[in-house]
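Chemist: requesting a structural model of the entry that follows:
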Amino acid sequence: MKKFLFIGFIIFLFKFNVAEASVLAEEDSLLVIQKGVASFYGKKFHQRKTASGEIFDMQELTAAHKHLPFGTRLKVTNSKNGKQVIVKINDRLPQNSKRVIDLSREAANQLGMINDGIVPVRIAVMTRQKIEELQDYYDNVPKDIRLRTPLQSVSYNKNTELFFQSAQ
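Modeler: Next comes the predicted model:
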């Protein structure tokens, strides 16, 4: 029985990672909500409580943001090398911070930014639906976040009778 549970768990992890890998490959500029500088934090805050109440683990893929809702999953792209990682917001940055996001050490490692310390990044939400959810979440969208709704097709019926009526 334990063997079947273990195999099921491995299959679940594989499917989860494959799904995230396909999201990482997708480029949709409408999903990019913020650009700026990222930093990372680790040992000093390891095993301390975050603003969301979770315990910070520097080996998890988490991040701090000034105001995005806790639990929001983001795709962060290192603008210098193109590497990407998906993180979950579970902590807060100070409102006066010049950084747009503060990543866990593991997220920074996957972005290849450990030696640099800070790097320029693009932050994107995972789906177009998330943009709409964020628009509903905020009474006033913060000025440093860009929430663009996807263009919707416009139906257009040309009334040719108006153009070809003879003057009487």
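Chemist: tell me the centre residue of this protein?
Modeler: Nearest residue to the geometric centre of the chain (C-alpha atoms, centre = their mean): residue 74, 1.7 Å.
Chemist: mind jotting down where the strands sit in this structure?
Modeler: Applying DSSP state E to the chain gives strands spanning 32-41, 62-65, 73-78, 84-92, 101-104, 119-125.
Chemist: those strands: which one's closest to residue 140?
Modeler: Counting by C-beta to C-beta, residue 140 lies closest to strand 32-41 out of the strands of the chain; the figure is 15.3 Å. To be clear about C-beta, it is placed using only N, CA and C from the backbone, and glycine gets the same treatment.
Chemist: for the closest one, packing partners?
Modeler: In terms of contacts (3 or more C-beta pairs under 8 Å, 6 or more residues apart in numbering; DSSP states H and E), strand 32-41 is packed against strand 101-104, helix 105-111, strand 119-125.
Chemist: run a quick neighbour tally on residue 76.
Modeler: Burial of residue 76 is recorded as 26 neighbouring residues (other C-beta atoms under 10 Å).
Chemist: give the contact list for it.
Modeler: Residues near residue 76 by C-beta atoms under 8 Å, 6 or more residues apart in numbering: 38, 63, 84-87, 101, 103, 107, 111, 121-124.
Chemist: let's see it at 6 Å
Modeler: 85, 87, 121, 123 (C-beta atoms under 6 Å, 6 or more residues apart in numbering).
Chemist: now do the contacts for the second one.
Modeler: Pointing back at residue 87 there. With contact taken as C-beta under 6 Å, 6+ apart, residue 87 is in contact with 61, 62, 63, 74, 76, 107.
Chemist: turn the strands of the chain into CSV, columns for mean pLDDT.
Modeler: Output for these, formatted as CSV (pLDDT from 0 to 100):
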stretch, mean pLDDT
strand 32-41, 93
strand 62-65, 95
strand 73-78, 96
strand 84-92, 96
strand 101-104, 96
strand 119-125, 96
